[in-house]
Structures are given as C-alpha cells and as structure tokens.
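# Sharing a model that was predicted from the sequence below.
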Amino acid sequence: MANEDKLRDYLKRVMADLHDTRRRLSEAQSQELEPVAIVAMSCRLPGGISNPDELWEVLRDARDAVTPFPDDRGWDLDRLYDPDPDRPGTSYAREGGFVEGAVDFDAAFFGISPREALSMDPQQRLLLETSWEAIEAAGMDPASLRGSRTGVFVGTNGQDYGTLLMMSPDGDDGHSMTGGAAAVVSGRVSYTLGLEGPAVSIDTACSSSLVALHLAVQALRAGECDLALAGGVTVMATPGLFVGSSRQRALSPDGRCKSFAASADGAGFSEGVGMLLVERLSDARRNGHRVLAVVRGSAVNQDGASNGLTAPNGPSQQRVIRQALASARLSVADVDVVEAHGTGTTLGDPIEAQALLATYGQDRPVGQPLLLGSVKSNIGHAQAAAGVAGVIKVVLAMRHGLVPASLHVDEPSPHIDWSAGDVELVTEGRPWPAVDRPRRAGVSSFGISGTNAHVIIEEPAAEAETDQPGDAASRSEPGLVSGPLLWSVSARSRGALAGQAARLAEFVRGRGGVDPAEVAWSLVSARSVFDHRAVVVGGGVGELLAGLDAVAGGVPAGNAVSGVAVDGGAGPVFVFPGQGAQSVGMASGLVGSCAVFDEVLADCQRVLAPWVDVDLVSVLTGDDQSWLGRVEVVQPVLFAVGVALAAVWKQAGVVPRAVIGHSQGEIAAACVAGILSLEDAAKTVALRSRALAVLAGSGAMASVDLSVEQVSARLDQFPGVGVAAVNGPSTVVVSGPPGPVAGLVAACQADGVRARVIPVDYASHSPAVQQVAEQLRTDLAGVAPRIGGVRLVSTLTGDWVDPGSMGADYWYENLRRPVLFDTAVRVAIGRGIRRLWRCLRIRCWGCR
C-alpha cells in the first residue's frame, strides 16, 4: 500500500508538472505568434505628400506624383540629361519622385545646433520629424516616451549626402561622421527622443523598410521592447543613382514605374520616408491606442546562390510568401490583395508575377481573384522607403474599403502567363472585395542583393477602431465637458505656432463631424507643450475654428489668447480647499465617465475604509444632503475629490510645479506632492476630521472682509475670538465661542463691513483644539512623511515646507494654528510662481 501511495503521489506531481509545462509552452507560442498592431503612421513622399491622408488622396484620385528633377539640390541639370545611355556621367531619364522641401528642418525644435543640422543627412532629419508625428498621431506625447523601452528599426540604403558634404570646403566640421553614418539614422531618433529599446539601421536595399518592420515585430514578440518605430527613408542628395542605373539601362526613360504593364521599360526611382508605430496587439488594446491595422505575419529570406547576385529569384519569392502565411497561420485564400514590389522592369515584374500566380493565385474561391497593384506606379520606387509606403497604402485602402488603381498600364504584360493562376491586375479603383472575415493584404519587397520580405496586414477587429485619433482618454473623457471648450496649441516659435493653428484648423475642416471635445482632450493629453502658446475658447466648432484662424493669421480675437511662457516660471499651482467647498453633486459628472478619476477615487475608498464608513460614489452621485454638515464625512470626501482631480489634470498633461493646501486641504496637497503616501494621507484626514467632530457644538467661525490688522483691532471687544485664517489682503476668518463670534459679525455688518457666519459648530484654528491635542498626536504618530516630487508652500508656516516636518505634530498644529494662506501665495509668487491664474483653483472660501 505504501508503494501505491508513493506511485500515486509521483503521478500527481508528474501530471502537475506536465500541466504547467503545457501552460508555459502555450503562453510562449501565443507570445511568439501574437499579432502586432500598427497604431500610427507618418510619411513624406513625392508629389507634396506630407502625411498619410494626402497619400490617400493621390491613390484615390489615381494621380501621378513623378516630377522633373529638382532645381534646388545643386545638380547640373543641363549636363545631367543625355538620351544616350552610354554617355558617362549622364542620365537618360530626367524625371523621378522627389520629396518637396527635403532639406527643410526645424533644428531648434529638436535641440540641434544649425551647424550640426547642416552636417546631418536629410534622411536623419526627416526621420526625426516623421517619428515625432507618428507618436503624436497615436495620441501620445513624445516626451512621455523618454526612458521607455521603445525600439527604432529603420531601413536605409544610401548615404551619398556624406560624400557630398566631404567635397565641401567646410565639410569636415566634426559632425560629418555622425551626420552621414547609416548607424546614426536609427540612433539619432533614439538619442533625440530618449528611447531605450533597440535601435537598428537595416540596409537590404529595396527591401530595407519591410525587413525593418519584420524585425520590429520580432523584437516586440520577444519582449525586447514594448513599442517600436519601424520604417525606412531615402533621400537622393546626388543624381548618382540615375547615372549608375543609366549605364545598366535599368531606368524607365520617362521616370515612371509601369508595374506589370506591357509598356514596362525600367524602374522610375524616387525617395521618401515612412514610419509606423507598432506595439503588441494586447498592449494596444489595454493602453487604449487606436489600432489602424494588424501585422498578422511576416517573413524574410535570401535568394542564396541563385541565377545572379542582382537578379530576382522566383522560387525564393514563393518561399518567403509561404513562410509569411505560415507565420500568420493563414492560407492563400485568406488574403485579398497584394501590394507588389512591382518596379516595372522587364525582368523583375514577370518573375514576381509568376511567384504570385504560383502561390496566391492557386486554390482561391471562385470569383475572388487576388487583386494586384503597386504604389510605385504613383510615386516611383522609393528604395529603402518602398516597403513601408506599400504598407501605408494597404492600411489606408483597408480602412477606406477601396483598392486603388495601378497607373500606366496600357495592358497587362504579355511576358506573364496570367492564365497560370487567379490573379488580376487592378487598373481601375474598385471596392475592396466583400468577405465574411477581416480584410487582408500581403506586401512584398525584394532587395537587389537577394533579401526578400513579405508581410501580411490584417484589418483590426471592429472593437479596436475609433473614428478619431487619440488614446482611450480621448474617447471617454470628453463626456465630462459641458459648456465652452478650450483648444490649445503650442510651438517653439511664433511662426510655428501660427502654422500649428492653421494645420489644426485645416484638419478639423477636412474631417466632417469632428467631436470638438475629443479634439480638446487630445490637444491637452497627447501633445508636448512648448513656450509659444495659444488657447481658443468656443461653444462649438465654428467658434473654435474662428479662433484658430485668428491665431494663424496673427490677428486679435475675443476668444483667442496667445503668448510666451515666462522663463523659469512657474506654474501651474494646484490649490486644495478646506471645508466649505463641498456641494451636492460636486464631481458627479466625473464619476463613471472619467477612467482616471474613477480609479483614484476607488483607491481613496480603499485607504479610507479602515477609518471612516463612507461610500464616496454614493455621496458624490446621490441626492442626500445630510452629509454636508458632517465634518467626519465632508473632509474625507473633499480629500478624495482633490486627489482624484489632480490625477485627472495630470492625465491631461497638467502637472503642478507647486501645491498649496488650505487647512485640511493641505493633506491632499501633501499627498499629491508625494510627501504623504495615500494611506497616510487618508488616515490623517479621517482622524483629523474625527477629532473635529468631538468639538461639535462648542464653537463658531465667520468670514470678515477686512485686513488682519483691522480685524485684530476689533477682537478685544469679543472675548475668545481669534484670527483663524488670513485668506487675502482683506479677507479673514475668525473662530471662537458662538456668542462672541456672532457679536463680531453683527458689529461688522452694522459698520457696513461684509461679514457672515460660516455654517459650522466648532472653532478650528483656535485654542479650543487643544482638548484633542493628545489624542490627535497619538493617532497620527505613525504618519511617515518623505521627500516628495513637488514643492509645497505651507499655510501653517507661510513658507516652503521641509517635508520631514510633516509628521503628527505638524498635523495637530495645522488644525490648531491660523491658516496663512495669503502669506503662502505671496511666497510662491516671490519665488517665481507668478501665474497663479493658471492654478487648479478648487473654490477656497472655507478655512476649516
């Protein structure tokens, strides 16, 4: 029997171990195959395209973005062109795809000196700009990613700017080495934005940016980073590519890619930059980021010892497609569209088409051919940016439900056996095929040295989509707004501020039905704040747009304010009230509609529970007014609301430089400043208010509109009455026995001085508090203050507080001694905090 028991126990352990092993294996497999979300895109492409929306307009309208060679790059255009392909130093093509303003760069915005910026390859400059734009497009403040595990994976395959720079008399200036290095293309982005994930520059020629996306996906799945920028960039600083390709007779004479067309006669080269912001799909959903599309699978391979170093290889292309499908766990029939490499060469296009016919063209549902096209027919072959341009195109096409036409197709190429499979070249835009599953597309890129990449892009699930850009907050928080809205913009210069206002107005006008509250929230929660600032106020989109137009035009408007932040200044200051700010329904609009408010309120409920029996949500949302007169409820509720409101403002990007608390409001202030833990702060406010409840019925308080000197001169006539708070130059609160306090109020009113009794029945900030001194000091003995992250101006001492002093004795004195609110404000102003109008002011008439 003993042996049987041992065997049974052994088998139980084996089964448990097996179950655990299976679980861990399943988790590892899930992580390895987890889809990766594309949460934002940005680009600069030929034809004046400066963002994905403008690319879509070009695609939708079937426009050709190829133009003559630029005349602003120092190229000798008269000598460069020659129709003879054998003429050295010349190009028989004189058109291509070029980024407008490729050399323009706001160096100061990124903290880069003009001298260093001049030595930086324009590819580095464009990547900085588009990386910033992609992060903002995802509803994130780029500054918030500093120190994060964010990776940068960039394709780049041309650094001729460095060669050009070295030919200049001033080229060797100490910055030229980093300015022209391929490794710095990705590293510059990580350094400037403070990103601490992998930074990798990839050169596999024309497949570089698609390989970069593949590596970013792999890094996310492996846990090497939590977020990644992936894309590619090419800027042709010299005409060398055109000259070299002319000798090889690889150029299209008219500079256009006629992808898969009978008239295909060579590649039309172009340039551009495209960036994608990607993260694990589970993270994107948890973080509330809008999911534009999903990278379902990807693969990279090499031609190996094939039919030539630079010649495309059909079997290798078939293999990479099948590998990507296996990675995505899909079949060929699950993909609707392929965005092809499609350079328009007489050798490459037939080889690629036959590979597609042999893979995606087989075993398809009847009447559902694979639809084939290439963005190169619109913008040319953007080299290291070609793959990412194709990804952006298919994401846009999925979201708009339209497959754009490939241009310049007189008829499908006769060098391709189109009967070998069910593949159709799209020569006119058409609706995306109706399917009972997510839309999917494959994107191919093939490098000249044999590195092939294929990525499968999938439409996101409906619940992951939103109509407007931004994060989860931008969808939930606008519900807390009623009445006029604020739209804020900022920049590093006055001219840039006007440009920001103009672009925002253009964006809103171009998007019918924009929710102005969502725009307002996105502007404050997902944008960096710079010194040149403007705010427009309006009750609707029309009024807000008028304000933006005024800012953009530099003209005054009644609903627009512009200015420059004060250097070293100061602000904002959060001011937390004492008792008296409470009212029925206060903050009720936030409950259930503002996630961060609900979360912090729940935390406050949890830490208050050991000390006070109060349901915060019921108090804030209910109709019962009885709690308004119960100090042991009022003060914990005010504390919780103050702390939760501070979290809401922080979520919106408003972080205090200093805090001030009025009487018991100083407890919330110390908590927000980080001097008290939430647990210690809750304990302090609950036991402090409990001590006040002991004093109920023994005192009174009143507000008098006189200076402290004038009030003090009257006090001799009213025994026991003293100054409880100095709120301003001519606003004082007194406390003491009920009779004398009422007498002082009556005397002041008789003299025409505004005075009123405050509806409380105790005398805080007076000698009456001494009867609870021992109990309060004992109750709060365990409170452990610490060094905070925000400075606090004490209304007990009227000076900047020493955090270590805020123990039990401090909180007793906070209740016993007068509130020096006026002095505290003056101290803050004297230290450079000069813009108190920017404070979070939570009404501050009470002093208790």
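Done, it's in.
# Grab the nearest non-local neighbour of the residue most central in space within the chain.
By Cα atoms, centre = their mean, the chain has its centre lying nearest to Met140, at 0.5 Å. Distances taken as Cβ to Cβ, 6 or more residues apart in numbering put Ala526 closest to Met140, at 5.8 Å, once the chain neighbours are dropped. Where you see a C-beta, it was placed from the backbone N, CA and C, and this is true even at glycine.
# Repeat that for Ala137.
Ala40 (4.0 Å).
# This protein - how does it break down into domains?
Under the assignment the TED database, the domains of the chain span 36-458, 485-564, 572-695+764-838, 697-761.
# so where's the stretch 1-150 of the chain uncertain?
Judged by pLDDT under 70, the stretch 1-150 of the chain has its weakly predicted residues at 1-2, 19-32.
# And the helices in it?
2-33, 52-60, 77-80, 114-119, 122-137 (DSSP state H, counting those that start in this stretch).
# ranking those by burial, who's on top?
helix 122-137 (a mean of 24; mean count of other Cβ atoms under 10 Å).
# Just list what that helix packs against, helices and strands only.
If you count contacts as 3 or more Cβ pairs under 8 Å, 6 or more residues apart in numbering; DSSP states H and E, helix 122-137 packs onto strand 36-44, strand 150-156, helix 182-193, strand 227-234, strand 272-280.
# sorry, back to before: with distance to Tyr10 added, can I get the domains of the chain in a markdown table?
Shown next, in a markdown table, are the domains of the chain (distance: least, Cβ to Cβ, whole Å):
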| stretch | distance to Tyr10 |
| --- | --- |
| domain 36-458 | 35 |
| domain 485-564 | 57 |
| domain 572-695+764-838 | 44 |
| domain 697-761 | 72 |
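# and of those, who's closest to Glu4?
Nearest to Glu4 among these is domain 36-458; the distance by Cβ to Cβ comes to 44.7 Å.
# how long is that closest one from one end to the other?
10 Å (Cα to Cα, to the nearest Å).
# Can you verify my assumption that Asp226 contacts Leu195?
No. Using Cβ atoms under 8 Å, Asp226 makes no contact with Leu195, being 10.6 Å away.
# Val801 contacts Ser794, doesn't it?
Yes. If you go by Cβ under 8 Å, Val801 and Ser794 touch, sitting 4.2 Å apart.
# Report whether Gln368 is found in a helix, as I expect.
No. Assessed with DSSP: H, G, I helix; E, B strand; the rest coil, Gln368 is coil; it does not lie in a helix.
# what's near enough to touch it?
333, 336, 422, 433, 435 (Cβ atoms under 8 Å, 6 or more residues apart in numbering).
# The fourth one: which element?
Here Pro433 sits in a region with no helix or strand, counting by DSSP states H and E.
# Pull the most distant pair out of the contacts of Gln368.
Applying Cβ to Cβ across the contacts of Gln368, the maximum distance is between Asp422 and Val435, 15.0 Å.
# more neighbours, the two?
Neighbours were counted for Asp422 and for Val435 using other Cβ atoms under 10 Å; Asp422 has more, 20 against 14.
# Just list whatever residues bridge to the spatially closest residue to Pro46 that is not a sequence neighbour.
Nearest in space to Pro46, with sequence neighbours left out and distances taken as Cβ to Cβ, 6+ apart, is Gly97 at 3.3 Å. Applying DSSP bridges to Gly97 gives these bridge partners: Ser270.
# these two touch, right, Gly97 and Asp64?
No. Gly97 is beyond contact range of Asp64, at 9.5 Å (criterion: Cβ under 8 Å).
# Now for those two: what residues contact both?
Residues touching both Gly97 and Asp64 (Cβ under 8 Å, 6+ apart) are Gly47.
# quick one, which of the two is more surrounded?
Gly97 (27 against 17).
# Okay, now the unreliable bits of the stretch 351-500 of the chain?
463-483.
# Mind jotting down where the strands sit in the stretch 401-550 of the chain?
402-403, 423-425, 430-431, 440-446, 451-458, 485-491, 532-538 (DSSP state E, counting those that start in this stretch).
# okay if I get these as TSV plus mean neighbour count and distance to Gly180?
Formatted as TSV, the strands of the stretch 401-550 of the chain follow (neighbours: other Cβ atoms under 10 Å; distance: least, Cβ to Cβ, whole Å):
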stretch	mean neighbour count	distance to Gly180
strand 402-403	21	40
strand 423-425	21	40
strand 430-431	11	45
strand 440-446	28	25
strand 451-458	27	23
strand 485-491	21	30
strand 532-538	20	33
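# Ok, which of the ones you listed comes nearest Gln605?
Closest approach to Gln605 among the strands of the stretch 401-550 of the chain is made by strand 485-491 (30.6 Å; Cβ to Cβ).
# Tell me the helices and strands packed up against that closest one.
Judged by 3+ Cβ pairs under 8 Å, 6+ apart, the packing partners of strand 485-491 are helix 494-510, helix 516-525, strand 532-538, helix 541-553.
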